[in-house]
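Visitor: need coordinates for the below:
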Amino acid sequence: MKDFLRLLFIAVLSFVIVGVAVAYTRDSDVLARLTSAVDTSALPGLTFPVAAPEKADDVRDTQIWISRPRTDQWIGLAGFPDTTEIRFPLPSGINFTAGTLKLALDAQLGSDGDGRVTISVDGVRRGEVVLDPGQTRHEVEIALGPDQLLSNAVVVTLDGRGTTSGGHVCPADTANSGAAVTLNADSGLALFTDDSIDTRAVRIATMADPATLALGSDAEAQALAIWARQGLARKGMDVRFAAEDAVPDIVMAQSAGSALTLDPEGRIAVSGEPGIEALLAARMSAAFMPTPDAWPVTVDQLSAETLLKNFRGSRRWTIPYALADLPGGLMPRRFAIDLKTSTLAPGNDWVVRVSLNGNLLRTERFDGQGDAISLDVTLPSEIQALSNAILVELIDTSPNDSICRVGPDAQAQLLPTSRLTPQGVQPSAGWPQMMRALAAEPTIGLTVATALSPAEARTTAALLGSFLPVQSGVVFGAEADTAATRVEVTTAGGFRSALRLAGEIGDGAQSIWLVVPNGDKDARLIAVSDPHTAALIEHLDDNAAVMLIDR
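Guide: Model prediction:
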């Protein structure tokens with residue numbers, strides 16, 4: 001009997017186990033009915049860990065902001081039609097996940113005007129903005145994928161079309177009046193990367209604009225910082241001296257080492273000319289232009305626009321150059337202009353006007369049936385300064401056949417083969433002669449005799465950058481004391497004290513020259529032995545920065 005009961009118990013238990021298993025694996029309604037028939041209060045209190053729902057990783061990519069280039073200059077469209085190109089340099093060594101082009105346009109049109117701005121990115125049309133009469137602001141955002149951020153620059157082209165007359169009475173010059181579209185300085189390119197913020201490339205790219213540079217307190221550190229600031233500024237990177245209580249972005253390494261490193265405090269440590277070149281290449285590779293190293297110097301080495309342009313009426317090109325940036329410290333004496341133009345209707349001519357520093361040099365007329373214009377212009381030495389600008393203007397003289405119809409577009413291009421040459425007599429005095437002498441020296445020593453404040457150092461850096469030949473090797477510290485040619489930075493007060501101690505200027509002063517700021521004009525260059533030197537220095541504030549050139 002016991003065996004029978006044991007077998008019955010096993011059979012019932014097996015049936016229950018199999019039934020529960022089948023019910024559990026079938027539709028949930030069965031399991032629900034089964035569990036609803038059970039008094040859950042009679043079950044033991046079991047505790048199960050609660051799994052929180054997974055949250056998406058809150059990953060925020062590092063943003064790198066590339067400001068609109070040349071924020072100190074006006075960029076935009078003047079009149080219709082007009083075209084302008086903006087190159088946003090991409091920092092090197094960074095993996096970009098995305099980008100957003102953010103453009104802010106201020107448009108001003110006459111009361112009868114209307115127009116359109118076409119926005120192209122790397123040659124592909126990406127946006128259109130319709131312009132209404134009056135003053136309006138337009139903000140445009142264009143998304144860029146990783147594949148569009150592989151080169152060293154993002155090239156944005158603005159092309160303006162429209163009218164300023166509303167189809168009514170059309171004065172001859174109406175096509176280029178009553179319309180202006182400004183690309184605001186707050187425009188820029190936002191780049192995103194998931195690279196570590198602690199990498200050197202990301203640190204360089206995320207520096208403030210302008211970046212800050214440590215001035216230092218000792219003489220050698222200040223001389224090195226002043227030289228670095230003028231070198232970076234001349235090559236297109238704006239740098240400010242950091243306040244005494246601020247952490248700078250950049251420090252200059254006084255001892256030779258790696259060209260570009262991160263120091264223990266996370267600052268960018270730059271060593272000599274190789275470090276400056278590496279910093280520029282990493283920060284703004286597309287905007288960095290190598291220094292001309294031989295004559296002739298073509299206009300594409302001088303930041304001049306050499307792209308094909310559409311226009312009505314007239315077109316202008318500006319070619320800037322600084323004497324200190326040209327090979328050998330030589331002054332250019334001739335400018336050879338090469339223009340490629342569309343052809344005009346028979347009987348119409350092109351007129352070319354060339355001016356230098358606001359002085360008209362040449363006006364000449366050319367047959368509009370030709371498609372090439374060449375002109376050789378002499379550059380007088382007496383109207384050239386340390387910093388210069390040549391203006392070339394091409395004028396379409398085609399008459400407007402009807403006062404109610406706008407004339408056709410013309411096209412023209414300043415060819416990159418346009419060039420400056422030094423052929424001619426070089427001036428034998430003043431700054432031109434001094435820069436030729438400095439450029440001939442293998443090294444120039446730079447020292448600071450009187451500790452400078454950041455404001456004084458800023459003035460000194462701008463002064464030094466106006467005349468120091470860009471190819472010159474510069475040495476500091478003990479090496480500067482033994483250089484054949486030395487540039488010493490001091491203040492007007494310090495120089496006056498030295499003159500009083502000297503009592504009388506000796507024969508050794510015959511080769512020493514004084515450099516004094518002169519407002520917005522070229523710095524004054526005067527021999528220390530000149531009788532007018534003492535009177536000149538007396539009129540300066542004690543903290544005015546001056547320089548002595550001993551050669």
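Visitor: how far does stretch 73-81 sit from its chain's centre?
Guide: Mean-position distance between stretch 73-81 and its chain equals 19 Å (Cα atoms, centre = their mean, to the nearest Å).
Visitor: ok, and for that stretch, which residues are buried?
Guide: Neighbour-count burial for stretch 73-81, with 16 or more other Cβ atoms under 10 Å as criterion, is recorded at 75-81. (Glycine included, C-beta is placed from N, CA and C.)
Visitor: packing partners of the lengthiest strand in the chain?
Guide: As assigned by DSSP state E, the longest strand anywhere in the chain is strand 96-109. Applying 3 or more Cβ pairs under 8 Å, 6 or more residues apart in numbering; DSSP states H and E, we find strand 96-109 packed against strand 114-121, strand 124-131, strand 134-144, strand 153-163, strand 179-183, strand 188-193.
Visitor: tell me which of the buried residues of stretch 73-81 is nearest to Ala281?
Guide: The closest of these to Ala281 turns out to be Ile75 (Cβ to Cβ; 24.0 Å).
Visitor: how many residues are close by the residue nearest to that closest one when sequence neighbours are not counted?
Guide: Distances taken as Cβ to Cβ, 6 or more residues apart in numbering place Leu183 nearest to Ile75, at 4.8 Å, with adjacent residues excluded. Burial of Leu183 is recorded as 20 neighbouring residues (other Cβ atoms under 10 Å).
Visitor: also Ser511?
Guide: 13.
Visitor: on that earlier part again, surely the residue nearest to Ile75 meets Ile86?
Guide: Yes. Judged on Cβ atoms under 8 Å, Leu183 makes contact with Ile86 at a distance of 6.8 Å.
Visitor: what mean pLDDT does stretch 74-82 get?
Guide: Across stretch 74-82, pLDDT averages out at 86.
Visitor: so who does the nearest residue to Ser511 once chain neighbours are set aside touch?
Guide: Leaving aside its chain neighbours, Ser511 sits nearest to Arg551 (5.9 Å; criterion: Cβ to Cβ, 6+ apart). Contact partners of Arg551, counting by Cβ atoms under 8 Å, 6 or more residues apart in numbering, are 437-438, 441, 484-486, 511, 513.
Visitor: read off the pLDDT value for Arg551.
Guide: Reported pLDDT at Arg551 in the predicted model: 85.
Visitor: show me the shaky parts of this protein.
Guide: 1-60, 165-177, 285-289, 400-407, 501-509 (pLDDT under 70).
Visitor: for it, what spans make up the helices?
Guide: Ranges of helices within the chain are 2-25, 28-36, 200-205, 219-234, 272-284, 430-439, 454-467, 477-482, 492-502, 533-538, based on DSSP state H.
Visitor: for the residue most central in space within the chain, which residues are in contact?
Guide: Centroid check for the chain by Cα atoms, centre = their mean gives Pro69 as the closest residue, at 4.4 Å. Going by Cβ under 8 Å, 6+ apart, Pro69 touches 75, 86-89, 287.
Visitor: cool, and Pro327?
Guide: So Pro327 contacts 292-295, 297, 471 (Cβ under 8 Å, 6+ apart).
Visitor: now swap in Asp194 and tell me
Guide: Counting by Cβ under 8 Å, 6+ apart, Asp194 touches 59, 61-62, 95, 97.
Visitor: among those, which pair sits farthest apart?
Guide: Most distant of the contacts of Asp194, by Cβ to Cβ, are Val59 and Asn95, 14.3 Å apart.
Visitor: between those two, who's got more neighbours?
Guide: Asn95 (11 against 7).
Visitor: how near is Met207 to Thr62?
Guide: Distance, Met207 to Thr62, using Cβ to Cβ, to the nearest Å: 13 Å.
Visitor: return the longest strand of the chain as PDB; C-alpha atoms alone will do.
Guide: C-alpha atoms of strand 96-109 as PDB (Å, rounded to 0.1, in the frame of the first residue of the first chain):
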ATOM      1  CA  PHE A  96      35.800  65.900 -37.100                       C
ATOM      2  CA  THR A  97      32.400  64.300 -36.500                       C
ATOM      3  CA  ALA A  98      30.300  67.200 -37.900                       C
ATOM      4  CA  GLY A  99      30.200  70.800 -38.600                       C
ATOM      5  CA  THR A 100      27.800  73.700 -38.900                       C
ATOM      6  CA  LEU A 101      28.400  76.800 -41.000                       C
ATOM      7  CA  LYS A 102      26.800  79.800 -39.300                       C
ATOM      8  CA  LEU A 103      26.500  82.900 -41.400                       C
ATOM      9  CA  ALA A 104      25.000  86.300 -40.300                       C
ATOM     10  CA  LEU A 105      24.300  88.600 -43.200                       C
ATOM     11  CA  ASP A 106      23.300  92.300 -42.900                       C
ATOM     12  CA  ALA A 107      21.700  93.500 -46.100                       C
ATOM     13  CA  GLN A 108      21.000  97.100 -47.100                       C
ATOM     14  CA  LEU A 109      19.000  97.800 -50.200                       C
END
